[in-house]
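# predicted coordinates and the sequence they were generated for:
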Amino acid sequence: MEDDLSATVDIVTKYNTYEEFLDSQVTRLDLSYLEDEELARQLVELGYRGSGEVIKREEFHARKIAAEQQLQSRRIQAPKLASANKEITDPLLRELADTEEANRTGKMTTIIFIRDKNSRHQEISGYIDYAHRLKSEDFEVYFAGKKKLLPKPSDLSYYNWENQTCHSNNTPNFQSITTNLDGLLFKSKRDRKIIIVDPNAKTHGDNTIRKEIKTDKYIQVVLYCHATRRKT
């Protein structure tokens, strides 16, 4: 089915008219024998000549209309990316830009661990559900460099090292598990897999990759990129 769609889209992108499509099916040998371009086109249309699939004029136009409609539908359904058309140099923001579409469409859910200082110069740390934050606030200000991404008390986990304020929350994508003796865990609500954020763990869970980001804008940043199986 995917191959049929690709073939249909190829017709739209490669050939503007049915005549162009017929010409593509005519070989040099055909022209040398027939010495008539219009006759060669007619023979291709009738199926007597040609180097590929025989498509009638009506079928060509029907496929062209269908493919154009599908392409238009894809453009409408494609999520608007906050990182689009932005000059991004910060390593963290580049990684988030690269995975923004996957997080918006549900192909991936990323947990962002950030340790840094807040506006009061207090050291804070926390785990952020990136996909949830993308839906709940405007990320253009972050990608444009107008605002610094930091954990909030409403995120998956938040800790203020100065006043020892601690918060733990569930989000639409993850359940926080704080009762584990070996440390904090997160359970994906999409595929029920466990994400292990212990940096010393041998594995960080099925379909999860841990990536430490080197940046001079934060004390520490780590991404846990979880590829989800369920489609949205």
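Okay, I see it. Numbers count the residues shown, from 1 in each chain.

# can we go C-alpha only for contacts and neighbour counts from here?
Fine.

# so what's the closest residue to Asp90 other than its chain neighbours up against?
What sits nearest to Asp90 in space, not counting adjacent residues and going by Cα to Cα, 6 or more residues apart in numbering, is Thr215, at 7.2 Å. Residues near Thr215 by Cα atoms under 8 Å, 6 or more residues apart in numbering: Asp90, Pro91, Leu92, Val221.

# biggest strand in this structure by residues?
strand 108-117 (DSSP state E).

# can you tell me the strand partners of it and which way each runs?
Taking DSSP bridges as the criterion, strand 108-117 forms sheet pairs with strand 123-129 (antiparallel), strand 220-227 (antiparallel).

# now intersect the contacts of Thr215 with the strands, please.
Val221.

# just among the contacts of Thr215, which is most surrounded?
Neighbour counts for these, by other Cα atoms under 10 Å, peak at Leu92, which reaches 22 neighbours.

# what residues are up against that residue?
Ile213, Lys214, Thr215, Val221.

# pretty sure the second one sits against Pro91.
Looking back up the chat, that one is Lys214. Yes - between Lys214 and Pro91 there is a contact at 7.0 Å, judged by Cα atoms under 8 Å.

# give me the neighbour count for Thr110.
25.

# where in this structure is pLDDT low?
1-13, 18, 21-55, 71, 73-78, 229-232 (pLDDT under 70).

# can you rerun that using 50?
Along the chain, segments meeting pLDDT under 50 span 1-3, 5, 231-232.

# show me the contacts of Leu92 that map onto helices.
Within the contacts of Leu92, no residue falls in helices by DSSP state H.

# of those residues, just say which sits nearest to Ile112.
Of all the contacts of Leu92, Ile112 sits closest to Val221, with 7.2 Å by Cα to Cα.

# which residue is the nearest non-sequential neighbour of Arg94?
Ile88 (6.1 Å).

# now the helices for this structure?
Using DSSP H, helices in the chain cover 2-14, 18-25, 28-34, 37-46, 57-77, 91-105, 130-136, 140-143.

# tell me which other helices or strands the longest one touches.
So that's helix 57-77. Contacts defined by 3 or more Cα pairs under 8 Å, 6 or more residues apart in numbering; DSSP states H and E place helix 57-77 against helix 2-14, helix 18-25.

# for the last one, same thing?
Counting contacts by 3+ Cα pairs under 8 Å, 6+ apart, helix 140-143 is packed against helix 91-105.

# the helix it packs on: which residues count as buried?
Within helix 91-105, the residues scored as buried using 16 or more other Cα atoms under 10 Å are Leu92, Leu93, Leu96, Ala97, Thr99, Glu100, Glu101, Ala102, Asn103, Arg104.

# again with stretch 165-185
Ser168, Asn169, Asn170, Thr171, Asn173, Phe174, Gln175, Ser176, Ile177, Leu184, Leu185.

# what distance separates the start and the end of that stretch?
End-to-end distance for stretch 165-185: 19 Å, by Cα to Cα, to the nearest Å.

# also stretch 83-90?
12 Å.

# partners of Thr208 in the sheet?
His226.

# re earlier: could you measure the residue nearest to Arg94 against Gln72, distance?
Distance from Ile88 to Gln72, by Cα to Cα: 29 Å.

# quick one, which of these two is more surrounded?
Neighbour tally, Ile88 and Gln72, criterion other Cα under 10 Å: the higher count belongs to Ile88, 16 against 11.

# quick check: the more buried one touching Phe143?
Yes - under the criterion of Cα under 8 Å, Ile88 makes contact with Phe143 at 6.8 Å.

# all set, thanks.
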